[in-house]
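Student: Quick one: sequence and predicted model below, then my questions.
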Protein chains: 2
Amino acid sequence: MTTTPEPPNRRPQRRRRRRRLSIDDYVQGVLKGDRGVLARAITLIESRKDSDRPAAQAVLQALLPHTGAAVRVGITGVPGVGKSTFIDAFGMHLLEQGHRVAVLAVDPSSAISGGSIMGDKTRMQRLGMAEAAFVRPSPSGLSLGGVTRRTRESLLLCEAAGYDVILIETVGVGQSETVVAEMVDTFLVLMLPGAGDELQGIKRGILEMADILAVNKADGDNRLRAQAARQEYQAALRYLHRRDPHWKTPVPLISGQTGEGLPEIWETIGLHRAQLQETGTFNQRRSEQRLRWMWDAIEEQLLSAFHETQAVQAQLKGLEAAVKNGERPPTVAAEALIAVFRESYSSSSQSSPS
Amino acid sequence: MTTTPEPPNRRPQRRRRRRRLSIDDYVQGVLKGDRGVLARAITLIESRKDSDRPAAQAVLQALLPHTGAAVRVGITGVPGVGKSTFIDAFGMHLLEQGHRVAVLAVDPSSAISGGSIMGDKTRMQRLGMAEAAFVRPSPSGLSLGGVTRRTRESLLLCEAAGYDVILIETVGVGQSETVVAEMVDTFLVLMLPGAGDELQGIKRGILEMADILAVNKADGDNRLRAQAARQEYQAALRYLHRRDPHWKTPVPLISGQTGEGLPEIWETIGLHRAQLQETGTFNQRRSEQRLRWMWDAIEEQLLSAFHETQAVQAQLKGLEAAVKNGERPPTVAAEALIAVFRESYSSSSQSSPS
């Protein structure tokens, strides 16, 4: 339509120029720790094209023996708590200790906003530039189930690529914290300094999920408020059911800005891990997590097959409206949709095996 | 094999003698408030036979215009808190006020134990005998999803039969409290008198779900302890996120044994309902609940179709073991099972439309 010359860096063109990688290219590249190949392998497992799944499966299967060794840490906190600054500083501290650090994110809100966290790598300025670090934003345009499955698989790829610490960031949207807590060994919750009123807004169960509850921004003028906050949080923790009876959630004061308390966070993660291993909880939890992943994947795939069936889509809106205003019993509407799905499911499987 | 005469009361024989009811028999019987027909209609919707579903759907569809008017109350509390005694006494109080009361239960543990709550109607001695009451144990042998769907449908049937108060009891197993909280208007949590230590065991989020948090057994020597407990619970509630910003969860002292505080519980339920209606939350919540029911039903039916597929069953154990010990990536195992399911699903639909 237009006669102006195409800009030289158009993405589709660049993509087309990239060599297609074989399964073995992916596997060997990831095992060598090649960040470019790792990034492309993650893109492969994030792909929503059915035709990409067999290759993604094969890559995962081949890399599986090289996974599982990393320290998996989940990190959450309300917007403004300083997650990026913390992860940047904490990651740099770990690099200095000789670790290789990967940062992933679970952010289902990116389905709507187009990426509210980590869409911009410059948020973690130092870490984003470091050789021994790998920073990957949350996959976008997906339900929480879709993001979850892909993040779990990315975690395995990063482990196979030799990252020995995996930090998984999440925002406090819906069930995303629960989902992250269930894919890591240690769950770190960042809190703001401040007392009383701020506790009112704490989300259900978030305190109970925390293996470490760190009061961030405990620097400068905030110090006293941070100490008061620690006391409040410690009091609140006494009222709650512990995830693990052998572990009492510590409430350290830290500052992502000044770096204070960050070495101690790493030590505490180590203590927590040692305690999990000593009681046998570590292997048990990992094993349960794997089984849970399988069932989540099954549910996700069944539901997405359901949603993607055109015959279902054609009826969905009308039936949803009828259910909302009480014209149809929910289960009757459900069964009507299931019947439609059942008829189309296998026939669709015959037409899309490309 | 044996020559002894058959015992006269064998159940299969009695069943066989019962006349088969037509859809219209069910509908008219339920609308007349016939408890026998209501019980059989619930048995129909609880049936796990696919061939019973069309009739169950038709009954529900016909009765739907006659549902929705009851006050729906969820009741939970730890074993030993006195749920049965409370429900018996509270139900009798409501009958005296001219109400008709149905009691249902959500107890997924009955899948294992064969019915741990309400299997025995004698637990609610007076209510079980009363003309204007209907007591139904939890369906057993089902997953939480299965119990949930059937309880929601039973609730509708009870409303159509003219019960204007529906009490839904649950034990604190897994997610069963969340499930009940999402099918009622008012969620009542019963607590034991006693302070400090007893708060430690409170389940995640249970306090936040409570619209009313009643300290039961607040009688005799327990009075002082109950008052101390109330203070503790009130303090704990201050730390938590409220389900509804317009409603401050009251913490009344009651006794199922002596009947103290029971009329006030009913008044509080009325206040809560009025407040929900005033802010428009009532209709909105009911509407969201219906949509949620539909999606839950879809998920339940997809998953149960999956589980019941023989080709899936044949592979499941081996793949689960391989996932648990880390031999297969969870998603690879999931996709193998999905592929097996996809192949059999539609063909099974053609062979079982009886």
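Tutor: Nice, I can see it.
Student: need the strands for chain A, in chain order.
Tutor: For chain A, applying DSSP state E gives strands covering A:71-76, A:101-106, A:133-135, A:165-170, A:186-191, A:212-215.
Student: Tell me which of these lies nearest to B:Arg230.
Tutor: Among those, the nearest to B:Arg230 by CB to CB is strand A:212-215 (27.8 Å). Where C-beta positions appear, they are placed from N, C-alpha and C, glycine not excepted.
Student: that older thread, name the stretch among the strands of chain A that sits most buried.
Tutor: strand A:101-106 (a mean of 27; mean count of other CB atoms under 10 Å in any protein chain shown).
Student: hang on, the earlier thing: could I get the strands of chain A as CSV with distance to chain B and mean pLDDT?
Tutor: Listed next are the strands of chain A as CSV, based on distance: least, CB to the nearest CB, whole Å; pLDDT from 0 to 100:
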stretch, distance to chain B, mean pLDDT
strand A:71-76, 14, 96
strand A:101-106, 16, 93
strand A:133-135, 20, 93
strand A:165-170, 16, 95
strand A:186-191, 13, 94
strand A:212-215, 13, 94
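Student: Can you get me a residue count around A:Glu182?
Tutor: Counted with other CB atoms under 10 Å in any protein chain shown, the neighbours of A:Glu182 add up to 19.
Student: Surely it touches A:Gln289?
Tutor: Yes - counting by CB atoms under 8 Å, A:Gln289 is a contact partner of A:Glu182 at 6.2 Å.
Student: on that earlier part again, could you dump the strands of chain A into a markdown table and include distance to B:Thr309?
Tutor: Converted to a markdown table, the strands of chain A look like this (distance: least, CB to CB, whole Å):
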| stretch | distance to B:Thr309 |
| --- | --- |
| strand A:71-76 | 34 |
| strand A:101-106 | 31 |
| strand A:133-135 | 40 |
| strand A:165-170 | 34 |
| strand A:186-191 | 36 |
| strand A:212-215 | 43 |
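Student: residue nearest the centroid of chain A?
Tutor: A:Val106 (3.1 Å; CA atoms, centre = their mean).
Student: angle of the lengthiest helix in chain A against strand A:71-76?
Tutor: Taking DSSP state H as the criterion, chain A has its longest helix at helix A:281-308. Interaxial angle, helix A:281-308 versus strand A:71-76 (axes from the mean of the first three to the mean of the last three CA atoms, to 10 degrees): 60 degrees.
Student: now check helix A:281-308, is it near chain B?
Tutor: Yes - residues of helix A:281-308 contacting chain B under CB under 8 Å from any CB of the partner chain: A:287, A:290-295, A:297-299, A:301-303, A:305-306.
Student: Can you tell me which of these is closest to A:Arg243?
Tutor: With CB to CB as the yardstick, the closest approach to A:Arg243 among those comes from A:Arg292, at 15.2 Å.
Student: I'd like to know how many residues surround that closest one.
Tutor: The number of residues packed near A:Arg292 is 15, by other CB under 10 Å.
Student: next one: A:Arg286
Tutor: Counted with other CB under 10 Å, A:Arg286 comes out at 15.
Student: picking up where we left off before, how about the contacts made by the residue nearest to the centre of chain A?
Tutor: For A:Val106, the contact set (CB atoms under 8 Å, 6 or more residues apart in numbering or on different chains) comprises A:138, A:144, A:147-148, A:151, A:168-170, A:176, A:179-180.
Student: What of A:Arg149?
Tutor: A:293, A:296-297, A:300, B:331.
Student: closest to A:Ala160 among those?
Tutor: Nearest to A:Ala160 among those: B:Thr331, at 14.5 Å, using CB to CB.
Student: tell me the pLDDT at the residue lying closest to the closest one once chain neighbours are set aside?
Tutor: Spatial nearest neighbour of B:Thr331, excluding adjacent residues (CB to CB, 6 or more residues apart in numbering or on different chains): A:Ala297 at 4.7 Å. Here, the pLDDT recorded for A:Ala297 equals 87.
Student: next one: A:Leu144
Tutor: Looking at A:Leu144, its pLDDT stands at 77.
Student: Against chain B, how distant is the closest residue to it other than its chain neighbours?
Tutor: Nearest residue to A:Leu144, sequence neighbours excluded (CB to CB, 6+ apart): A:Pro108, at 4.1 Å. Using CB to the nearest CB, to the nearest Å, one obtains 16 Å as the distance from A:Pro108 to chain B.
Student: what does A:Ala89 give?
Tutor: 30 Å.
Student: Identify the residues contacting that residue.
Tutor: By CB under 8 Å, 6+ apart, A:Ala89 lies in contact with A:256-257, A:259, A:262.
Student: Show the buried residues in the residues you listed.
Tutor: The neighbour count (16 or more other CB atoms under 10 Å in any protein chain shown) marks A:256-257, A:262 as buried among the contacts of A:Ala89.
Student: From these, which land in helices?
Tutor: Counted as lying in helices by DSSP H, out of the buried ones among the contacts of A:Ala89, are A:Leu262.
Student: Looking at the buried ones among the contacts of A:Ala89, which is nearest chain B?
Tutor: A:Gly256 (25.5 Å; CB to the nearest CB).
Student: Can you read off the pLDDT for the closest one?
Tutor: 94.
Student: Nearest residue to it in space, please, no chain neighbours.
Tutor: Using CB to CB, 6+ apart, the closest residue to A:Gly256 is A:Phe86 (3.5 Å).
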